[in-house]
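**Student:** based on what follows, work out the 3D shape:
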Amino acid sequence: LNIKIDSIDDAKLKKLRTREREISNKLENSELAFSSTSREIEKLNAEIIQLKLLIDKNSPQDSTSLKLTQSIYFIEKLINACCKKLKDTEDNSKGIIKKYVDDILLNFSRKDFSVKIDSNFNFQLIRADGGIVAKSKGEKLLLNLAFVSALIKLAAKRSKAEGKFLQPGTVAPFIIDAPFGELDETYRRATAHFLPENSEQLVLLLSSSHWRGTVSDAIKNKVGREYLLISNKKSERGNKPLDEIIINERSYTQSIYESDFDGTSIWELT
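**Tutor:** Purely as a prediction, here's the structure:
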């Protein structure tokens, strides 16, 4: 009997032993994984048994329990339907508000920005490339006014809404104290144009310096009523100023001394 054995050099032998160790490691890892999976299956089967027992325990055993279970199911289904309806309405409202604000920015902002509104109705300025804009004081104020204007416009639009699920909107006045203080001339003019357009009733509380010039030129033909706030003081004037203001080429005194009371009185201008 002649047996021929090919000789194996050291390099091949080393390679075969390395391969052997790799296969052994994979086998060991597979056995560990199988063991872990088996334990997980046993745990899940035990949990299934407990859940079945709990289901059997809470399953209706009589007609009263069955009716109660059906009522609970109906209420849960109704809650889910209401939540979906509210979510759809909220998403639709955010879309409308975004469009209103984007229209204002498109027409009145000097930069090519749009607005992004998150789930909590927080809003941010977005560049054309999608980047978030760090707002200046003027742009922040412009965006705030545009956002509130959009809310008021949406509420007015929904004032005639019909349906039993949601209450209709309302026609609300927009009352703003010194809205032009931190705006430059361009944004003052823009704000003076879009505020009346998006409000059924707009009430502006302004100082003479904020009113004169750009704001007056842009909005004076839309003013329905004009009032002057007068400061009344019981004290003597002394060297204190009278705070005179000129409106429609007529001079008014904004501070009255030795008055019967301390407080503010309102005069309608004609």
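
**Student:** what's near enough to touch Lys233?
**Tutor:** Each residue near Lys233 by Cβ atoms under 8 Å, 6 or more residues apart in numbering is listed here: 255-259, 262. In short, each C-beta sits where N, CA and C put it, glycine included.

**Student:** so what's it closest to, chain neighbours aside?
**Tutor:** The spatial neighbour of Lys233 that comes closest, neighbours along the chain excluded (Cβ to Cβ, 6 or more residues apart in numbering), is Tyr257 at 5.3 Å.

**Student:** tally up the residues packed near the one you found, please.
**Tutor:** By other Cβ atoms under 10 Å, 15 other residues sit near Tyr257.

**Student:** against Glu236, how distant is it?
**Tutor:** Per Cβ to Cβ, to the nearest Å, Tyr257 is found 6 Å from Glu236.

**Student:** ok, Lys164 next?
**Tutor:** Distance of Lys164 to Glu236, computed by Cβ to Cβ: 64 Å.

**Student:** next up, the contacts around Asn198.
**Tutor:** Residues in contact with Asn198 (Cβ under 8 Å, 6+ apart) are 100, 104, 149-150, 152-153.

**Student:** average pLDDT for the lengthiest helix in the chain, rounded please.
**Tutor:** Longest helix in the chain, counting residues (DSSP state H): helix 10-58. For helix 10-58, mean pLDDT is 76.

**Student:** when you give positions from now on, start the count at 405
**Tutor:** In the new numbering, first residue 405, that becomes helix 414-462.

**Student:** what's the first helix or strand after it?
**Tutor:** Per DSSP states H and E, the first helix or strand lying C-terminal to helix 414-462 is helix 467-512.

**Student:** so how far is Ser442 from the closest residue in space to Asp581 that isn't next to it in sequence?
**Tutor:** Excluding its sequence neighbours, the residue lying closest to Asp581 (Cβ to Cβ, 6+ apart) is Leu609, at 4.4 Å. Taking Cβ to Cβ as the measure, Leu609 falls 75 Å from Ser442.

**Student:** how about the helices in the stretch 505-654 of the chain?
**Tutor:** Taking DSSP state H, counting those that start in this stretch to define them, one finds helices in the stretch 505-654 of the chain at 541-561, 589-601, 612-615, 618-623.

**Student:** of those helices, which is nearest Ile651?
**Tutor:** Checking these against Ile651 by Cβ to Cβ gives helix 612-615 as the closest, at 7.9 Å.

**Student:** which strands or helices does that closest one pack on?
**Tutor:** Helices and strands touching helix 612-615, by 3 or more Cβ pairs under 8 Å, 6 or more residues apart in numbering; DSSP states H and E, are strand 648-651.

**Student:** elements contacting the strand it packs on?
**Tutor:** Helices and strands touching strand 648-651, by 3+ Cβ pairs under 8 Å, 6+ apart, are helix 612-615, strand 630-636, strand 654-657.
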